[in-house]
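1. return atomic coordinates for the entry below.
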Amino acid sequence: MTVPALASVSGLLQVASLLGLLLLLLKAAQLYLRRQWLLKALQQFPSPPSHWLYGHSREFQEESELQPLLKRVEKYPSACARWLWGTRAMVLVYDPDYMKVVLARSEPKPHITYKYLTPWIGNGLLLLDGQTWFQHRRMLTPAFHHDILKPYVRLMADSVQVMLDKWEQLVAQDPRLEIVGPVSLMTLDTIMKCAFSHQGSVQTDGDSHSYIQAIRDLNDLLFSRVRNVFQQNDVLYRLSPEGRQSHRAIRIAHQHTDRVIQLRKAQLQKQGEMENVRKKRHLDFLDILLLARMEKGNSLSDTDLRAEVDTFMFEGHDTTASGISWILYALASHPEHQQRCRAEIQGLLGDGTSITWDHLDQMPYTTMCIKEALRLYPPVPVIGRELSKPITFPDGRSLPAGIILSLSVYGLHHNPQVWPNPEEFDPSRFAPGSARHSHAFMPFSGGSRNCIGKQFAMNEMKVAVALTLLHFELAPDPSRIPVPIQRVVLKSNNGIHLKLRKLP
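-> Got it, this is the predicted structure:
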């Protein structure tokens, strides 16, 4: 290479180096200004001291996140700031007045955190915003009409009975049982029958176990990624072991939902049922999607359809499985309440072989216990929102647009200013006629974006609890006490283990 050529290359390298340095300086200035803006925006919301780089990460360890949260709930009224790292912060909210103000507005989910759900569940009802969300919500609401939900009770009971028959065989060998796995299979079985017209029982289908495990893995992986600064870049994450594991789990989940969609399409075509389905006054969830027409007359795209199926398949089984598992644990830990529920159910159902829709409103004490367990162990422990415009709270404190809010349902339900003696299991809090703030109890969120399937979930919880108590006496396993951990859905760090005794 000639001397002029070498000089030219050297000059280009110097220019590239200067440009790189300039870009680094600009990025550093941007991050500095962002942090200064956040410090000013959050100054009305004190919190424990945080490190300038890694924020409160040492305080909030993954396996003990809920304990420091409860300490903050006691120390800082209504809300406080939480720093994830240098320029990433949010405001934790755990006060019913604050919740009411936020949920009364149509604030979007924070893209910076919820975007990690998109490869898994797509842009379905959980992640959509604005007019598209409204169209999908309005389209799917008829799937939860009471005329649709009534016959589901029989299907729910059938699924629960399959699970209880298995438990009877297992406890004959060993009374100790981990219940989250089988309860998850049961709720998946129920949602497949009710919402997706599935024939047979997935509880005896080995393929369904892989879907359950995939959802469990995605819960853990998503939670870890949101809190790890080194896993934010999509390209680097895909190359990491966690990214490859996430990709495999998403593929398994999508294969499951694709099979469900294709099977139902084939059933409609083979049986010539499409026109009959069109004439029905109320349609099942998947049939609505398959026949849907948006306002402009276009069919839902395959991508939109699968997003809604992925969303409801996950939310319709995993959140309910969490709720049922924790309810059974709460009743196992409080035998006096368990026995009172059992007596109520025995008086109503006898042997439980004919539980119906009408029975579900005739078990007031059992319903009180279910709600108290959902207070202690809310299936969805946190909800995210991003402020699209400034907000002022009832106590006068305010936040500008662009701030991310972490609405802690777990913190709200354990807030001693809202629930005296919050760690005590006290079903009388939900006695008929008892007064409480409209946003003090939110196991299914609140406002216009509350859970579309909340009635379906409550029905399934009542059926599962009622039939289980008719068949078994429950006790906790003292050697394996579950510890709640925050994920997309509330989990236990070591499963939920009970001792079961078959009742005569």
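
2. under the pLDDT cut-off, which ranges of the protein? List them.
-> 1-11, 62-63, 206-207, 270-282, 293-299, 352-353 (pLDDT under 70).

3. hey, where'd the strands end up in it?
-> 79-85, 88-93, 176-178, 382-386, 391-392, 398-399, 404-408, 472-476, 484-485, 491-492, 497-502 (DSSP state E).

4. got a list of contacts for the second one?
-> Read it as strand 88-93. 38, 42, 45, 55, 69, 72, 78-84, 99, 102, 112, 229, 399, 403-408, 411 (C-beta atoms under 8 Å, 6 or more residues apart in numbering). C-beta: built from backbone N, CA, C; applies to glycine.

5. give me that answer again for 6 Å
-> Leu38, Phe45, Ala79, Cys80, Ala81, Arg82, Trp83, Ile404, Leu405, Ser406, Leu407, Ser408 (C-beta atoms under 6 Å, 6 or more residues apart in numbering).

6. of those residues, which is the nearest to Ser448?
-> Proximity of the contacts of strand 88-93 to Ser448, judged by C-beta to C-beta, is greatest for Leu407, which lies at 14.4 Å.

7. residue contacts, Gly384?
-> Contacts of Gly384 by C-beta under 6 Å, 6+ apart are Lys109, Pro110, Thr113.

8. please redo it, this time with the cut-off set to 8 Å
-> Lys109, Pro110, Thr113, Tyr114, Ile404, Leu405, Ser406, Leu407.

9. His414 too?
-> Leu70, Val73, Leu376, Pro422, Glu423.

10. how close does it sit to Leu69?
-> In this view, His414 and Leu69 are 8 Å apart by C-beta to C-beta, to the nearest Å.

11. and the closest residue to Tyr237 other than its chain neighbours, how many residues sit next to it?
-> Nearest residue to Tyr237 in three dimensions, chain neighbours excluded: Gly243, at 4.1 Å (C-beta to C-beta, 6 or more residues apart in numbering). When neighbours are counted by other C-beta atoms under 10 Å, Gly243 registers 18.

12. quick check: Gly243 touching Gln232?
-> No: the criterion here is C-beta atoms under 8 Å, and Gly243 misses it with Gln232 at 11.6 Å.

13. residue boundaries of the helices in the stretch 351-500 of the chain?
-> Remark: helices assigned in the stretch 351-500 of the chain by DSSP state H, counting those that start in this stretch are 364-376, 409-413, 454-471.

14. wait, which of the strands of the chain is closest to Ser438?
-> strand 404-408 (14.7 Å).

15. which ones are touching Thr187?
-> Ser159, Gly316, His317, Asp318, Thr320, Ala321, Ile324, Glu460.

16. in helices, which of those appear?
-> Per DSSP state H, helices hold the following members of the contacts of Thr187: Ser159, Thr320, Ala321, Ile324, Glu460.

17. from Ile212, how far off is the residue nearest to Tyr237?
-> In terms of C-beta to C-beta, Gly243 sits 22 Å off from Ile212.

18. and the contacts of stretch 229-243?
-> Counting by C-beta under 8 Å, 6+ apart, residues outside stretch 229-243 touching it are Tyr54, Leu84, Trp85, Arg88, Leu221, Ser224, Arg225, Arg244, Ser246, His247.

19. among those, which are in helices?
-> Per DSSP H, those map to helices at Leu221, Ser224, Arg225, Arg244, Ser246, His247.

20. let me know the closest of those to Glu336.
-> Checking the ones in helices among the contacts of stretch 229-243 one by one against Glu336 (C-beta to C-beta), the nearest turns out to be Ser224, at 39.5 Å.

21. roughly how far apart are that closest one and Ser388?
-> 28 Å.

22. thinking again about what came up before, of the helices of the stretch 351-500 of the chain, which approaches Ala28 most closely?
-> That would be helix 409-413 among the helices of the stretch 351-500 of the chain, by C-beta to C-beta, at 34.7 Å.

23. what sits up against the closest one?
-> So helix 409-413 is in contact with 66, 69-70, 72-73, 92-96, 99, 375-376, 378, 380-383, 418-419, 422, 439-443, 445, 484, 486, 490, going by C-beta under 8 Å, 6+ apart.

24. just the buried ones from the residues you listed?
-> Neighbour-count burial (16 or more other C-beta atoms under 10 Å) applied to these gives 66, 69-70, 72-73, 92-96, 99, 375-376, 378, 380-383, 418-419, 422, 439-443, 445, 484, 486, 490.

25. just the helices in the stretch 151-300 of the chain please.
-> So, for the stretch 151-300 of the chain - with DSSP H, counting those that start in this stretch - the helices run 180-196, 206-226, 234-239, 241-271, 274-279, 285-291.

26. got it, and the stretch 1-150 of the chain?
-> 3-41, 66-75, 96-103, 111-114, 118-121, 130-140, 146-171.

27. got the buried residues for the fifth one?
-> So the one you mean is helix 118-121. By neighbour count with 16+ other C-beta under 10 Å, helix 118-121 contains the buried residues Pro119, Trp120, Ile121.

28. quick check, nearest of these to Gly453?
-> Ile121 (14.5 Å).

29. and the closest one, what does it touch?
-> So Ile121 contacts Leu127, Ala307, Asp310, Thr311, Phe314 (C-beta under 8 Å, 6+ apart).

30. between which two of the ones in helices among the contacts of stretch 229-243 is the distance greatest?
-> Using C-beta to C-beta, the ones in helices among the contacts of stretch 229-243 span at most 15.0 Å, a distance reached by Ser224 and His247.

31. give the buried residues for stretch 476-489.
-> Across stretch 476-489, burial judged by 16+ other C-beta under 10 Å covers Pro476, Asp477, Pro482, Pro484, Ile485, Gln486, Arg487, Val488, Val489.

32. was I right to think the last one contacts Ser325?
-> This points to Val489. No: using C-beta under 8 Å, Val489 makes no contact with Ser325, being 10.5 Å away.

33. skipping adjacent residues, who's closest to Trp326 in space?
-> Looking at Trp326 with C-beta to C-beta, 6+ apart, the closest residue is Tyr377, at 3.6 Å.

34. in CSV, list the contacts of stretch 229-243 along with distance to Ala143 and neighbour count.
-> Putting these into CSV (distance: C-beta to C-beta, whole Å; neighbours: other C-beta atoms under 10 Å) gives the following:
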residue, distance to Ala143, neighbour count
Tyr54, 45, 13
Leu84, 37, 20
Trp85, 41, 18
Arg88, 38, 19
Leu221, 30, 21
Ser224, 34, 14
Arg225, 32, 18
Arg244, 36, 12
Ser246, 30, 25
His247, 31, 13
